[in-house]
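> Okay, here's the prediction I keep looking at, along with the sequence it came from:
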Amino acid sequence: MLTGAVFAATPSSDISSSNLQARLEAAEAKIAQLSSQQDADWLTEQRSEEIREIVQDVLADADTRASLQGSNMSAGYDNGFVISSSDGKWKLRINGLLQNRWILSNNRTPNTPLSGPALAAQLRNTTANPAGSFVPSQNYANNPTAAANTVVPVVASQGWDQTGAAGTPYANVVDPRSNTGALDAVPVNPGVGQYVTTPAGTLALAPGATSAGFGFPFQYGNRTNDGFETTRAAINLSGLVAQDYYYNMRLNWSPYNTTNEGVATQLSAAGFPERGVAAATPNPGISEGVLEWAYGGIKFNDEFSVQIGRQKYDVMRGFMVNAEYQQAIERSLYTYFWGTTNLTNGIKVKWDSDMFRANAMYSNASQSFAQDAQSPYYTNGAEYAFSGRFEWLAHGTWEQFDQISSAPGEEMGILAGVGAAYLDSDSDLWPYTGRSDWQVTGDLSMNMNGWNVMGSISVGDSQNSSNNNPWGFEVSGGMYLMDDVELYGRYQWLDPAYSDIYGSNADLNMVTFGANWYLAGNNAKLSLDWSWSFNQVVALGSGYGYTNWLPSGTNGGEWLLRTQLQLFF
């Protein structure tokens, strides 16, 4: 029985051994798993410690850099290259503008302007042979009754002709055939060119004077002129000071922003007093020198602000929109004719709301509203000068009217505006006793999803005629053919009130057709346009040089082809 019992227990023993082996293997697997987890936790902790050290090093380096800077700053591009404090209260925005052109003009009458010695020689030849003389300057205020074919060289100057008697058409005319004269009031009214004579009988010319303003035409030069020019190379600085104060200044290196100071120097050297002597040639740009505008302002709240300094007259929308945001290659002669398309020093109050905005300015001025040069206070040619504008935004946003064109996808916008200016001259500085100038203008603009139209009309006082006042209008529009290609057209007409001198043919009558290829919006734009003048070109105001038109003869029929590459950042 014992033996049997032993043998009977053998299968049970085998089962226990297998069970123990299985448990042992399971225990070993568990031990291996726990060991692996422990190693992984150790590696994770090691990595975390290393990362903490790296972060601490980076933060320490950042603190060091911040302490060297003095304060946190940000920089980038936002409608210009911007440097700003972290709170946005201090800001500098830098913009640049390049406009490079190739121009081809054709006139039925030779009209290449002369300057310097060539102009002096031509004047001497002309005055020595009266039969070949020229017609009066279009800006001459003192000789409105002179016949268009007069042989007397009438220029935009106030002086005394030795042979010109009071009450005659040639009274107070500076004639190079005269050797003497009291020229303490030269000039009273700017022409496109000017000369005077010294006691020795020699000609005194402004360095920038050309034959353009001495009459139309000199029968010389080329009917066709072409070439390249850098019309504008400008740097603009604007921004904020302590959040509530702002500034804006522009420097523009242009062939048409010139300084004409030679006549005063020449007359002074010849024994004439400097009092009342001004530059003989009004600059064909909007500034006599590199500085165009420089003003600062105080923003009282979201609606009211006041700015003081050298700035634009905000009267005509066509001039208020900066050159880089124009639709055509250049503003029209109609726009530049008026004295308010210029710069002056003054104080301007501005009011802006969601639907309305207005400005009013009290400023310096000369006889054509503007004080072109960056000049001291005592050269102010006005007893008082006021200007202003009121606008109604019927639909859209103010921002979309910062430019003339309307891009595809833009919402509908309607803007109406009226502007006015009035000046009373200082008779102690300018021999315009009791003289005043005024202008009233209105415009309507519509933008909608890739097309636009704008119209403007103006009327004002005339320095050249007692019988009528200058008035004119302009209509322009454009339409996108593709997302980056736009066609545009413009018609301008103006009666400059020169009919007493030039007859009815003096009216400005021009049409323009062109196209824009927006390579990168207004930042990179290639343009081409062609213009035709049905009449002679005589209505030349400040800024006319930018248009590239040349004075033309009575034959009329001048045309102009322009191409331009604009880069703006």
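Yep, that arrived.

> In space, what's closest to Ala294 - neighbours in sequence excluded?
Met249 (4.0 Å; Cβ to Cβ, 6 or more residues apart in numbering). For the C-beta atoms, the positions are set from N, CA and C on the backbone; glycine is no exception.

> Please read the previous query as pertaining to Thr397.
Nearest to Thr397 is Gly413, by Cβ to Cβ, 6+ apart, at 6.8 Å.

> now that neighbour: how far from Gln400?
Gly413 sits 5 Å away from Gln400, going by Cβ to Cβ, to the nearest Å.

> what do you get for Val537?
34 Å.

> The two: which is more packed in?
Val537 (27 against 20; other Cβ atoms under 10 Å).

> my guess is the more buried one meets Leu508, correct?
Yes. The criterion here is Cβ atoms under 8 Å, and Val537 meets it with Leu508 at 7.5 Å.

> anything in contact with each of those two?
Shared contacts of Val537 and Leu508 (Cβ atoms under 8 Å, 6 or more residues apart in numbering): Leu333.

> re the thing from before, hmm, who's touching the helix or strand harbouring the residue nearest to Ala294?
Using DSSP states H and E, the element containing Met249 is strand 245-252. Strand 245-252 is contacted from outside by 232-241, 285, 287, 290-299, 305, 307, using Cβ under 8 Å, 6+ apart.

> Can you tell me how far the residue nearest to Thr397 is from Asn95?
24 Å.

> Between the two, which has more neighbouring residues?
Gly413 (20 against 17).

> The more buried one: what's it in contact with?
Leu393, His395, Gly396, Thr397, Gln400, Phe401, Ser406, Ser445, Met446, Asn447, Met448.

> Pull out the buried residues from these.
Leu393, Gly396, Gln400, Phe401, Ser406, Ser445, Met446, Asn447, Met448 (16 or more other Cβ atoms under 10 Å).

> unless I'm mixing things up, the third one is touching Met446, no?
It refers to Gln400. No. The criterion here is Cβ under 8 Å, and Gln400 misses it with Met446 at 10.9 Å.

> Quickly list what's touching both of Gly413 and Gln400.
Ser406, Asn447.

> which ones are touching Ala328?
Ala328 is in contact with Ile404, Ser476, Tyr488, Arg490, Thr512, Gly514, Ser527, Asp529, counting by Cβ under 8 Å, 6+ apart.

> that's a strand at it, yeah?
No. Counting by DSSP: H, G, I helix; E, B strand; the rest coil, Ala328 is not found in a strand; it is coil.

> now it: how far from Asn516?
In terms of Cβ to Cβ, Ala328 sits 9 Å off from Asn516.

> Quick one: end-to-end distance for stretch 309-321.
19 Å (Cα to Cα, to the nearest Å).

> Give the rounded mean pLDDT of it.
Stretch 309-321 comes out with an average pLDDT of 95.

> With stretch 450-461 instead?
95.

> which residues are contacting that stretch?
Against stretch 450-461 from outside (Cβ under 8 Å, 6+ apart): 316-318, 327, 334-335, 338-339, 404-410, 436-446, 469-480.

> Quick check: buried residues in it?
Residues Gly450, Trp451, Asn452, Met454, Ser456, Ser458, Val459, Gly460, Asp461 are the ones in stretch 450-461 that count as buried (16+ other Cβ under 10 Å).

> Let's have the residues you listed in a markdown table, adding distance to Asp354 and secondary structure.
Conversion of these to a markdown table gives the following (distance: Cβ to Cβ, whole Å; DSSP: H, G, I helix; E, B strand; the rest coil):
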| residue | distance to Asp354 | secondary structure |
| --- | --- | --- |
| Gly450 | 25 | coil |
| Trp451 | 25 | strand |
| Asn452 | 22 | strand |
| Met454 | 22 | strand |
| Ser456 | 24 | strand |
| Ser458 | 28 | strand |
| Val459 | 31 | strand |
| Gly460 | 32 | strand |
| Asp461 | 35 | coil |
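
> Could you check how far Thr547 is from Arg331?
According to Cβ to Cβ, Thr547 and Arg331 sit 7 Å apart.

> got it, and Ser84?
33 Å.

> Low-confidence stretches in the stretch 51-200 of the chain?
The stretch 51-200 of the chain contains residues with pLDDT under 70 at 62-71, 109-200.

> rerun at 80
51-52, 55-72, 108-200 (pLDDT under 80).

> Just the closest of the contacts of Gly413 to Ser18, please.
Thr397 (87.7 Å; Cβ to Cβ).

> That closest one: helix or strand, and which one exactly?
Going by DSSP H and E, Thr397 is not in any helix or strand.

> Please name the residues that touch Ile308.
Ile308 makes contact with Tyr295, Gly296, Gly297, Gly346, Ile347, Lys348, according to Cβ under 8 Å, 6+ apart.

> Hmm, I typed the wrong one, I wanted Ile298.
Contacts of Ile298 (Cβ under 8 Å, 6+ apart): Asp244, Tyr245, Ser305, Val306, Gln307.

> Would you confirm that Gly346 belongs to a strand?
Yes. Looking at Gly346 with three-state DSSP, it is inside a strand.

> what about the residue nearest to it when sequence neighbours are not counted, how many neighbours?
Distances taken as Cβ to Cβ, 6+ apart place Ser363 nearest to Gly346, at 2.5 Å, with adjacent residues excluded. When neighbours are defined as other Cβ under 10 Å, Ser363 has 25 of them.

> In contact with Gly419, which residues?
When contacts are counted by Cβ under 8 Å, 6+ apart, Gly419 touches Asp314, Val315, Met316, Thr340, Ser387, Gly388, Arg389, Phe390, Gln439, Val440, Thr441, Gly442.
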